[in-house]
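Asker: return a 3D structure for these sequence lines:
(one chain, ligands or ions: 2)
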Amino acid sequence: MTPLLEAIDLRRHYQVRVGRGPFAGKAPLRAVDGVSFAIQPGRTLGLVGESGCGKSTTGKLALGLIPPTGGTVRHAGQPMPPPGSAAWRALRARLQMVYQDPLGALDRRLPVGRQVMEPLTIHGDATPAEQRERALATMESVGLQRHQFDRFPHELSGGQRQRVALARALMTRPDLLVCDEPISALDVSIQAQVVNLLLDLQESLGIAMLFISHDLKVVRQVSHEVAVMYLGRIVEQGEAGALFAAPRHPYTRALVSAIPVPGVRRERIILAGDPPNPVDVPAGCAFHTRCPFGTAACRAAVPSLRPLDGRLVACHRVDDPALRQAA
Ligand SMILES: Nc1ncnc2c1ncn2[C@@H]1O[C@H](COP(=O)(O)OP(=O)(O)OP(=O)(O)O)[C@@H](O)[C@H]1O
Ligand SMILES: [Mg+2]
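Answerer: Numbers count the residues shown, from 1 in each chain. Ligands and ions are numbered 1, 2, ... in the order given. Below you'll find the model as predicted:
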């Protein structure tokens, strides 16, 4: 089947200022450095990794919101049309983004119902009455009430605002949602409601999702497949259940060991140190500075993603008996 979304060797590099005074200069920062994945219709790919590893940049590249430094994005087998063209606008309507901070994503001066309607006034050809009716119906489908149409964003709770943002994203009947930390800004008590809503919507509407989060517990709940990023690259990728049950990359193992499982006491793998400076990525395997299994070989060459037991893993030592034994 042709994937709905395909990212092929995506790269996004920035030139950032480094040093001070007479030593000031520019250095490349590889925010995303050779990322490939595919999402089938109606499926969810979870994208996880520590802060700054390139998740949001990957999401923006997938939607064509920023141009890649290298690589390509394909939608239903077609390359991304030129930004600003009619074909691009039509495609953008089918790809929507849900952000972490719903208040920031909404216009404070406009009633929320108007904002839900807005995508139709841009992309659709419905009459104003039809637009309003569709907005009301969509608001109801995400658990909002009709009388909330005329409320302003600040008059709603955080969870309700995220529902408004979601309703707005759904108005153009997208086939892909990129959700970038959609629940991190919400109260813990509301997080589960919004996650369940996303799951329900996926089931009823068949929407595919790129679900970005550093919360592995939620990612496990919503994803069919998972990609784990470290400093701009995917280090492990595979079917969610298998990956969480038996992570293979030492970095994935550390992340998974930190997920609390009720009633189970597990040995938590604590990673040494912080993630390295992204403008000064360690040579070879970027993870070797924090990896309990690193050797000279790991410092020498960047490991490529290789198939292993039905998934992809980028680790020189993945077949090493010592590492297998530690699992
Ligand atoms: N416009 C930009 N200019 C320079 N560097 C950038 C820019 N945007 C992102 N970066 C850098 O690229 C890297 C990846 O950023 P990105 O926002 O994709 O991370 P993230 O995984 O989404 O992190 P978080 O979990 O904190 O949201 C970071 O080191 C960031 O500082
Ligand atoms: Mg981010």
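Asker: let me see the contact set for Ala38.
Answerer: Shown in contact with Ala38 (C-beta atoms under 8 Å, 6 or more residues apart in numbering): Pro3, Leu5, Glu6, Ala7. Quick note: C-beta positions are derived from backbone N, CA and C, even for glycine.
Asker: show me the two of those that sit farthest apart.
Answerer: Greatest spatial distance among the contacts of Ala38 (C-beta to C-beta): Pro3 and Ala7, at 9.4 Å.
Asker: between the two, point out the one with more neighbours.
Answerer: More neighbours surround Ala7 than the other of Pro3 and Ala7, with 24 against 17 (other C-beta atoms under 10 Å).
Asker: check which helix or strand that one maps to.
Answerer: Following DSSP states H and E, one finds Ala7 within strand 5-18.
Asker: so, low pLDDT: which residues of this protein?
Answerer: 123-124, 264-265, 325-327 (pLDDT under 70).
Asker: can you tell me the centre-most residue of the protein?
Answerer: Ile212 (2.5 Å; C-alpha atoms, centre = their mean).
Asker: and it, how close does it get to Ile183?
Answerer: 11 Å (C-beta to C-beta, to the nearest Å).
Asker: can you pull out the helices in the chain?
Answerer: Secondary structure of the chain by DSSP state H: the helices cover 55-63, 86-94, 102-105, 112-123, 128-141, 158-170, 188-205, 216-222, 240-245, 250-257, 296-300, 321-326.
Asker: possible to save the ones you listed as TSV with mean neighbour count and distance to ligand 1?
Answerer: Listed next are the helices of the chain as TSV, based on neighbours: other C-beta atoms under 10 Å; distance: least, C-beta to the nearest ligand atom, whole Å:
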stretch	mean neighbour count	distance to ligand 1
helix 55-63	23	3
helix 86-94	14	20
helix 102-105	18	13
helix 112-123	20	24
helix 128-141	17	28
helix 158-170	24	17
helix 188-205	15	16
helix 216-222	19	13
helix 240-245	17	19
helix 250-257	22	13
helix 296-300	14	22
helix 321-326	11	26
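Asker: possible to save those as JSON lines with distance to Arg12?
Answerer: Below are those laid out as JSON lines (distance: least, C-beta to C-beta, whole Å):
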{"stretch": "helix 55-63", "distance to Arg12": "5"}
{"stretch": "helix 86-94", "distance to Arg12": "18"}
{"stretch": "helix 102-105", "distance to Arg12": "22"}
{"stretch": "helix 112-123", "distance to Arg12": "26"}
{"stretch": "helix 128-141", "distance to Arg12": "33"}
{"stretch": "helix 158-170", "distance to Arg12": "23"}
{"stretch": "helix 188-205", "distance to Arg12": "26"}
{"stretch": "helix 216-222", "distance to Arg12": "22"}
{"stretch": "helix 240-245", "distance to Arg12": "25"}
{"stretch": "helix 250-257", "distance to Arg12": "21"}
{"stretch": "helix 296-300", "distance to Arg12": "25"}
{"stretch": "helix 321-326", "distance to Arg12": "31"}
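Asker: the ones you listed: which one's closest to Arg290?
Answerer: Evaluated with C-beta to C-beta, the helices of the chain place helix 250-257 nearest to Arg290, the distance being 7.8 Å.
Asker: quick one, phi psi at the residue in the stretch 151-300 of the chain that ligand 1 sits nearest to?
Answerer: Residue nearest to ligand 1 within the stretch 151-300 of the chain: Pro278 (4.0 Å; C-beta to the nearest ligand atom). Dihedral angles of Pro278 (phi, psi; degrees, to the nearest 10) stand at phi -70, psi -20.
Asker: neighbours of the residue nearest to it when sequence neighbours are not counted, how many?
Answerer: Once flanking residues are discounted, Pro278 sits nearest to Leu29: 5.3 Å by C-beta to C-beta, 6 or more residues apart in numbering. Neighbour count of Leu29, defined by other C-beta under 10 Å: 20.
Asker: any idea how far Gln40 is from Leu29?
Answerer: Distance, Leu29 to Gln40, using C-beta to C-beta: 32 Å.
Asker: what's the span of stretch 226-246, first residue to last?
Answerer: For stretch 226-246, the first-to-last residue distance is 13 Å (C-alpha to C-alpha, to the nearest Å).
Asker: buried residues in that stretch?
Answerer: 226-238, 240, 243-244 (16 or more other C-beta atoms under 10 Å).
Asker: which of the residues you listed fall in strands?
Answerer: Among the buried residues of stretch 226-246, the ones falling in strands (DSSP state E) are Val226, Ala227, Val228, Met229, Tyr230, Arg233, Ile234, Val235, Glu236, Gln237, Gly238.
Asker: the third one against Gly49, yeah?
Answerer: Yes. At 6.0 Å, Val228 and Gly49 qualify as touching, with contact defined as C-beta atoms under 8 Å.
Asker: so what's Pro3 up against?
Answerer: Listed by C-beta under 8 Å, 6+ apart, the contact set of Pro3 reads Ala38, Ile39, Gln40, Arg74, Ala76, Gly77.
Asker: alright, I will stop here.
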